[in-house]
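# the following comprises the amino acid sequence and a computationally predicted model.
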Amino acid sequence: MTARYEGNHSEAGGEGAANPPFEKMVWIPGGAFLMGSDHHYPEEAPAHKVEVEGFWMDVHTVTNREFARFVEATGYVTLAERPVNPEDYPGALPDMLEPASVVFSKPRHRVALGNVYNWWTYVKGANWRHPRGPSSSIKGLANHPVVHVGYGDAEAFARWAGKELPSEAEWERAARGGLDGAEFVWGSEWMPAGRHMANTWQGEFPWQNLRADGFEGTAPVGSFPANGYGLHDMAGNVWQWTTDWYQEHAKIDSPCCTIHDPRGGKPEESYDPLQPTIKVPRKVMKGGSYLCAPNYCRRYRPAARMPQPIDTATGHLGFRCIAR
């Protein structure tokens, strides 16, 4: 049984669940499940049994409206709004030290998929208030997920709200919605009865977006069906931060046995091996985004995972919170 809590009306959800302390959260029952996948990207393998305790999770990702309340109450300044400390990036060009964030820019024609700079651009003045650059705004996007938030920004919001960010295992447990081993958060079929179940990319990424699901970029939270636990957008729309330092599943000790409450690797082991001179640790992000497409990134699945540097905010990454 799953409970939904809004305002002052609540019902205990699942054995041992207490009343949630916050609005719009659902109870995720504890238990063991098969985490990861042996059938997709190598960083997801091997699939292995883990077990987590029950917890409450936000029904949807944090929105621009909710994040604005946090900023108004605290005066918080996000990562993308701050100038970069040149001591952290010796040799960096001065214009790369100005407040900025990473923005998707759709090419007008086919481009090589091996070079992400064909569609990602470092834009000065891009931040959560100005998601596409200084001339843009979030007017009309109050109910869209907040983006251009770094890991520290998400953590600061969670502390202010009296909540926490989920571990990777907690996030994946919640995303599966009780369907252990299913490929998607809603089951085994990508488009059941021809229905789009998540905000993803239709067409040839990155230049052709057919918008068959009705959206070019982010969608308002809750635009697509909830999973079995009552959670919206656990696939597509925006990637979501987790607390785990990134490590390959293949490096997990004793993957043959059920692991209780795993919490990822070590920060010093999460660095990008392709950039040995840049020691920026990386967290695991989950869920995929509106940019995930079959021809490039089939990561709109609960097992999917990617490393994200904690010093980088982007226009397709947000977060949601939990309460234990």
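Perfect, I can see it now. Since the structure is predicted, the reported quantities are computational estimates derived from the model, not experimental observations. Numbers count the residues shown, from 1 in each chain.
# look up how far residue 275 lies from the residue at the greatest distance from the centre of the chain.
The outermost residue of the chain relative to its centre, with distances by Cα atoms, centre = their mean, is residue 91 at 31.1 Å. Residue 91 sits 14 Å away from residue 275, going by Cβ to Cβ, to the nearest Å. For every residue, glycine as well, the C-beta is placed using N, CA and C.
# sorry, back to before: tell me the spacing between the residue farthest from the centre of the chain and residue 64.
Between residue 91 and residue 64 the distance, using Cβ to Cβ, works out to 35 Å.
# same thing with residue 248?
For residue 248 relative to residue 64 (Cβ to Cβ), the value is 34 Å.
# now for residue 184: which residues touch it?
By Cβ atoms under 8 Å, 6 or more residues apart in numbering, the contact set of residue 184 is 190, 197, 235, 300-302.
# one more pass at 10 Å, please.
By Cβ atoms under 10 Å, 6 or more residues apart in numbering, the residues touching residue 184 are 175-177, 190-192, 197-198, 227, 234-235, 300-303.
# quick one: it from residue 160, how far?
33 Å.
# same question, residue 49
35 Å.
# do the same with residue 45
According to Cβ to Cβ, residue 45 stands 37 Å off from residue 160.
# more neighbours, the two?
Neighbours of residue 45 and residue 160, each counted by other Cβ atoms under 10 Å, are more numerous for residue 45; the result is 17 against 14.
# in terms of contact, does that one touch residue 251 like I think?
No: counting by Cβ atoms under 10 Å, residue 251 is not a contact partner of residue 45; they are 11.4 Å apart.
# so where is the protein shaky, pLDDT-wise?
Along the chain, segments meeting pLDDT under 70 span 1-21, 254-255.
# longest single strand anywhere in it?
Scanning the chain for the longest strand, with DSSP state E as the assignment, gives strand 239-245.
# mind listing the helices for this structure?
In the chain, the segments counted as helices under DSSP state H are 64-74, 151-161, 168-176.
# just to revisit the earlier point, what packs against the longest strand of the chain?
The contact analysis (3 or more Cβ pairs under 10 Å, 6 or more residues apart in numbering; DSSP states H and E) places strand 239-245 against helix 151-161, helix 168-176, strand 282-286, strand 306-309, strand 317-318.
# hey, which of these is tucked in deepest?
Ranked by mean neighbour count, these are led by strand 317-318 with a mean of 29 (mean count of other Cβ atoms under 10 Å).
# which other helices and strands does that one contact?
Strand 317-318 packs on helix 151-161, strand 239-245, going by 3+ Cβ pairs under 10 Å, 6+ apart.
# quick one: closest of those to residue 30.
Nearest of these to residue 30, taken as Cβ to Cβ: strand 239-245 at 17.3 Å.
# hey, what's the spatially most central residue of the chain bridged with?
Centroid-nearest residue in the chain, with Cα atoms, centre = their mean: residue 240, separated by 1.2 Å. As for beta bridges, residue 240 partners with residue 286, residue 318 under DSSP bridges.
# so it makes contact with residue 302?
No: using Cβ under 10 Å, residue 240 makes no contact with residue 302, being 11.6 Å away.
# in the chain, which spans are strands?
Counting by DSSP E, the chain has strands at residues 4-5, 25-28, 31-35, 48-52, 55-58, 100-104, 120-124, 239-245, 259-260, 282-286, 306-309, 317-318, 322-323.
# name the stretch among the ones you listed that sits most buried.
strand 317-318 (a mean of 29).
# can you list contacts of that strand?
For strand 317-318, contacts defined as Cβ under 10 Å, 6+ apart pick out 60-64, 67, 101-102, 128, 144-151, 154, 218, 221, 233, 237-241, 285, 287, 289, 306, 308.
# ok, stretch 93-101 next?
Residues outside stretch 93-101 that contact it (Cβ under 10 Å, 6+ apart) are 77-86, 88-89, 121-128, 130-131, 133-134, 147-150, 312-315, 317.
# of those residues, keep whichever come out buried.
Using 16 or more other Cβ atoms under 10 Å as the burial test, the contacts of stretch 93-101 include 78-81, 123, 125-128, 130-131, 133, 147-150, 312-315, 317 as buried.
# how about the contacts made by the nearest residue to residue 79 once chain neighbours are set aside?
Among residues not flanking residue 79 along the chain, residue 150 sits closest, at 3.5 Å (Cβ to Cβ, 6 or more residues apart in numbering). Residue 150 makes contact with 78-80, 82, 101, 156, 241, 283, 308-314, 317, according to Cβ under 10 Å, 6+ apart.
# which among those residues gets closest to residue 54?
Nearest to residue 54 among those: residue 241, at 21.1 Å, using Cβ to Cβ.
# related to what we said a few turns ago, and residue 248 and residue 64? Which one has more around it.
Neighbours per residue (other Cβ under 10 Å) separate residue 248 from residue 64, with residue 64 holding more: 23 against 14.
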